[in-house]
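K.L.:
Fold the following and give me the result.
(3 chains)
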Amino acid sequence: TEKKQEPKKQRENSLRKGESKRDILEESLGSVMEGIREENGAGERKNCEVRQGKAKEGSSSTRERADEKEKQKKGRGEKRKKVKMEGEEKEGRKKLKKEKKVEEKQKLVRLGEELEVGDGAKEDEGGKGVKEEEMDEQGEDKACGQIQSMETEEKEVGKGDVLGKKQKTKEKKIKRRAKRKRPQRKPRKENPRMMERRITIRRWEEEKTNDGVKWKQLEHKGPYFVPLYEPLPDDVQFYYDGKPLKLSLATEEIATFYAKMLDHEYTTKEIFQNNFFNDWRKEMTPQEQEIIKQLDKCDFREIHKYFVDKNEARKALSKEEKQKLKEEADKIQEEYGYCILDGHREKIGNFKIEPPGLFRGRGNHPKMGMLKRRIMPEDVIINCSKDSKIPEPPVGHKWKEVRFDNTVTWLASWTENIQNTLKYIMLNPSSKLKGEKDWQKFEVARRLKDVVHKIRAQYQADWKSKEMKVRQRAVALYFIDKLALRAGNEKEEGETADTVGCCSLRVEHIKLHPELDGQEYVVEFDFLGKDSIRYYNKVSVEKPVFKNLQHFMKNKDPGDDLFDHLSTTALNKHLQKLMDGLTAKVFRTYNASITLQEQLKALTNPDDSVAGKLLSYNRANRAVAILCNHQRSTPKTFEKSMQNLQTKIDAKKEQLEKAQQELEEAEDEFKDKKNAKAEWRDMCPGFEQLAKLSVQATDKEENKQIALGTSKLNYLDPRISIAWCKKFGVPIEKIFNKTQREKFAWAIDMTDEDFEF
DNA sequence: CAATGTACTTAGGACTAGTATG
DNA sequence: CATACTAGTCCTAAGTACATTG
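P.N.:
Purely as a prediction, here's the structure:
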């Protein structure tokens, strides 16, 4: 528990740390960035140039940052309110819906067996292709027209902006309605159920096609439930107002959740305390409610100590006992951790039901401290195949439902009570199912490579469109492409931490500088993105983008949406027209992978040692992580371990020097000095070791606040790395650890050294 | 069309096991 | 052999995307 305390500050840090992080980053990455910049100079992407700028600028002060945040809060206020349905009502609706869905599915199955449907489906398919083409053309024509008329329309757009302010929602509605009238395509949007049906039928005809169906056979044991609460021993007491108070079992359990976190910074936060106390009181008996009225009169310290001690005791266990514990865990893993999917035994990702506890949101989460209740079998929906051995619920219990839905990949699900959303039990990334999906993802990104030039040309043209909507879309897309921003779905206010992505950027998140440090048209971004990680960047943009942004921001409050005529749905709809399967997030994947490939090309020196090559690889990887803003808090032990490494290096150096001296002395006795020295150098392993160490040190320093894992795992086409390994004779194990190799088995299987993303 | 719901990917930090080190 | 230190694993929150509903 002692150790656990430390992390408490980290989140807070990472919000503020941005600036210093950047500074350091820039410094250490200078060389890498330099390279990137050159690379990109010729091409369309100038990310890295941008990054450089950012690096130099680096820092608004921490104070500035805090002020900003304050402002944000004020600016937003009551705007953007959204009414949430009350829980019960919601529940009811959900249930109804589910019933309907099941019904529908059953109907589908029946329908699917009739050939008639198949014929219809085929026709559909043919028609679809044609329509798509037509649409593409249409889109292009439109764009052309817009370019021509753009200059004259400039003013009007400005006006629209003024309007946009408070009634923007209204305006939005109206505009959309107007837009809809235009002779757009007929809603080719077919019912996805129909699609599924069609596909099912096609499967009979041609062995393998795209799916709605994810499996034919699925058998598993159901999720593993963590043990029930064990009451505290009698000598461990809770005190209220200084006096010991015996709590009811349920109340005590929740008290232990809080007690365990006592030395975590969370528990000092007001929101956390309030949320916890609120939820706790709800679970108390009337008598307890009568007594326990103030959290600050509650004394959990004895309970806390109990758990600290317990933890210590566990650590101090003998080898045999630890071994035994491990074996038990393995047994559970063995029993619950696997399923059978289409005849193959596959590892499950998360087979354990999440234990109850206090919700720990990230960043400034309004729900932190709320009680995450215990999930019982009665809450869990099981999904498996009809003819499989249906999992047994724990004795005395039953499942909420057992369904046989082979159009989804999850094995079990339940609704979590904090945000009222679904949680799933799914397969491990090493599974065939996930692997294929992963592969598919990168194939989509590779297809983007072929059309990205066209798309870029198009959005650049669209910056001058007469339509506000189109302009905003074009600017947003530019950001997504150039800066690898996330799409930025809308979020319910008050339900989650206040974070944004591209489409949900607000006026307060950017600053415009017509000129800054010798660069023109600089946009300064400062916002909290996913997981409340700060994105801070200064980017020099093209003039039209800058002008557009000025327009978008005109007469708006800081808390207003920057792109008030744009939603992720609209953006993605547009992208879908440009390329099949294209969505905003594909740009992140594409740009990440292509950057890795380019960087590897630029940085790898075939004559380097393996260690040197690995450094290059890590640098390329790092460039991507920076692009995607994948940060981590500096490891707790960073300074120390850095020092250790330095000591080692120094020691090695000294040792070598000494050896050298000795050699020289000895040499005096020989004539052929030169030769001997060179030989000695070649033979002495010390030099190589020293080189290796210093490479290690560099790498470590550069990596201080950058997380490489996320991009490696999610954004970089593994085939690029594998091809690189093969080409330069680097063992794959140096790049991918065991888990990663399992996850990327599909790629390891199929890739040779010529692979090009 | 907005609000709601579902399924799946992406994310950082906590935790742990196992190795290196003293 | 105990301890220190990572690298790897686990955990689950927080996104994206798209379907459904009213």
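K.L.:
Give me the distance between A:Lys386 and A:Val408.
P.N.:
Using Cβ to Cβ, to the nearest Å, A:Lys386 is found at 15 Å from A:Val408. (Glycine included, C-beta is placed from N, CA and C.)
K.L.:
er, A:Asp564 I mean
P.N.:
Taking Cβ to Cβ, one finds A:Asp564 at 35 Å from A:Val408.
K.L.:
mean confidence for stretch A:594-608?
P.N.:
Stretch A:594-608 comes out with an average pLDDT of 95.
K.L.:
Please read the previous query as pertaining to stretch A:248-266.
P.N.:
Stretch A:248-266 carries an average pLDDT of 94.
K.L.:
buried ones in that stretch?
P.N.:
In terms of neighbour count (16 or more other Cβ atoms under 10 Å), stretch A:248-266 has its buried residues at A:251-266.
K.L.:
Could I get the CA-only coordinates of that stretch as PDB?
P.N.:
Extracted as PDB, the C-alpha positions of stretch A:248-266 are listed here (Å, rounded to 0.1, in the frame of the first residue of the first chain):
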ATOM      1  CA  SER A 248     -23.400  -4.200   9.200                       C
ATOM      2  CA  LEU A 249     -21.700  -6.400   6.700                       C
ATOM      3  CA  ALA A 250     -22.700  -4.400   3.600                       C
ATOM      4  CA  THR A 251     -21.700  -1.100   5.200                       C
ATOM      5  CA  GLU A 252     -18.500  -2.500   6.400                       C
ATOM      6  CA  GLU A 253     -17.600  -3.800   3.000                       C
ATOM      7  CA  ILE A 254     -17.900  -0.400   1.400                       C
ATOM      8  CA  ALA A 255     -16.000   1.100   4.300                       C
ATOM      9  CA  THR A 256     -13.100  -1.200   3.500                       C
ATOM     10  CA  PHE A 257     -13.100   0.100  -0.100                       C
ATOM     11  CA  TYR A 258     -12.500   3.600   1.200                       C
ATOM     12  CA  ALA A 259     -10.100   2.500   3.900                       C
ATOM     13  CA  LYS A 260      -7.900   0.800   1.400                       C
ATOM     14  CA  MET A 261      -7.500   4.000  -0.500                       C
ATOM     15  CA  LEU A 262      -6.800   6.100   2.500                       C
ATOM     16  CA  ASP A 263      -3.400   7.200   1.500                       C
ATOM     17  CA  HIS A 264      -4.300   7.800  -2.100                       C
ATOM     18  CA  GLU A 265      -4.800  11.400  -3.100                       C
ATOM     19  CA  TYR A 266      -8.200  10.600  -4.400                       C
END
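K.L.:
follow-up on the earlier one: of A:Asp564 and A:Val408, give the one with the bigger neighbour count.
P.N.:
Ranked by neighbour count (other Cβ atoms under 10 Å), A:Asp564 and A:Val408 place A:Asp564 first, with 21 against 15.
K.L.:
if I look at that one, how far off is A:Phe546?
P.N.:
Separation of A:Asp564 from A:Phe546 (Cβ to Cβ): 18 Å.
K.L.:
before we move on, what about A:Asn629?
P.N.:
Where A:Phe546 is concerned, A:Asn629 sits at a distance of 22 Å (Cβ to Cβ).
K.L.:
now A:Lys704
P.N.:
Counting by Cβ to Cβ, the gap from A:Lys704 to A:Phe546 is 33 Å.
K.L.:
Those two - which one has more neighbours?
P.N.:
The neighbour comparison of A:Lys704 against A:Phe546 (other Cβ under 10 Å) goes to A:Phe546, with 20 against 17.
K.L.:
Just confirm that one is within a helix.
P.N.:
Yes: according to DSSP: H, G, I helix; E, B strand; the rest coil, A:Phe546 belongs to a helix.
K.L.:
contacting residues around it?
P.N.:
By Cβ atoms under 8 Å, 6 or more residues apart in numbering, the residues touching A:Phe546 are A:Leu512, A:Pro514, A:Tyr521, A:Val523.
K.L.:
Tell me the one among the residues you listed nearest to DNA strand C.
P.N.:
Nearest to DNA strand C out of the contacts of A:Phe546 is A:Val523 (Cβ to the nearest atom of the strand; 18.9 Å).
K.L.:
on that earlier part again, strands - which of the contacts of A:Phe546 land there?
P.N.:
Among those, the members found in strands (DSSP state E) are A:Leu512, A:Pro514, A:Tyr521, A:Val523.
K.L.:
Quick one: buried ones out of the residues you listed?
P.N.:
By 16+ other Cβ under 10 Å, these give A:Tyr521, A:Val523 as buried.
K.L.:
Of all pairs in the ones in strands among the contacts of A:Phe546, which one is the farthest apart?
P.N.:
Farthest apart among those by Cβ to Cβ are A:Pro514 and A:Val523. That separation is 10.7 Å.
K.L.:
List the single closest residue to A:Phe565 in space, sequence neighbours excluded.
P.N.:
For residue A:565 the amino acid is His, not Phe. A:Lys469 (4.5 Å; Cβ to Cβ, 6 or more residues apart in numbering).
K.L.:
Surely A:Met750 is in contact with A:Pro718?
P.N.:
No: counting by Cβ atoms under 8 Å, A:Met750 does not reach A:Pro718; the two are 10.1 Å apart.
K.L.:
Mind checking which of these two has more residues around it?
P.N.:
Remark: of A:Met750 and A:Pro718, A:Pro718 carries more neighbours, 26 against 11, as counted by other Cβ under 10 Å.
K.L.:
list the contacts for the more buried one?
P.N.:
Contacts of A:Pro718 (Cβ under 8 Å, 6+ apart): A:Phe736, A:Gln740, A:Phe744, A:Ala747, A:Ile748, A:Thr751.
K.L.:
sorry, back to before: so which of the buried residues of stretch A:248-266 comes closest to A:Leu422?
P.N.:
A:Phe257 (23.0 Å).
K.L.:
Tell me the spacing between that closest one and DNA strand C.
P.N.:
Using Cβ to the nearest atom of the strand, to the nearest Å, A:Phe257 is found at 12 Å from DNA strand C.
K.L.:
Then A:Asp342?
P.N.:
Counting by Cβ to the nearest atom of the strand - A:Asp342 and DNA strand C are separated by 23 Å.
K.L.:
give me the number of residues near that residue?
P.N.:
Applying other Cβ under 10 Å, we find 13 residues neighbouring A:Asp342.
K.L.:
Surely it is in contact with A:Lys216?
P.N.:
Yes: contact criterion Cβ under 8 Å: A:Asp342 and A:Lys216 qualify, at 5.4 Å.
K.L.:
Find the helix or strand that the closest residue to DNA strand C within chain A is a member of.
P.N.:
Closest to DNA strand C within chain A is A:Ser641: 2.1 Å, counting by Cβ to the nearest atom of the strand. Per DSSP states H and E, A:Ser641 falls inside helix A:638-667.
K.L.:
from the ones in strands among the contacts of A:Phe546, which single one is nearest A:Lys573?
P.N.:
Proximity of the ones in strands among the contacts of A:Phe546 to A:Lys573 (Cβ to Cβ) peaks at A:Val523, which lies at 25.9 Å.
K.L.:
wouldn't that closest one be in contact with A:Tyr536 here?
P.N.:
No: counting by Cβ under 8 Å, A:Val523 does not reach A:Tyr536; the two are 11.8 Å apart.
K.L.:
now the helices for the stretch 201-350 of chain A?
P.N.:
For the stretch 201-350 of chain A, helices defined by DSSP state H, counting those that start in this stretch occupy the ranges A:249-260, A:270-283, A:286-291, A:301-315, A:319-336.
K.L.:
Point me to the helix or strand that includes the closest residue to A:Tyr715 other than its chain neighbours.
P.N.:
Excluding its sequence neighbours, the residue lying closest to A:Tyr715 (Cβ to Cβ, 6+ apart) is A:Ala592, at 3.6 Å. Using DSSP H and E, A:Ala592 maps to helix A:584-603.
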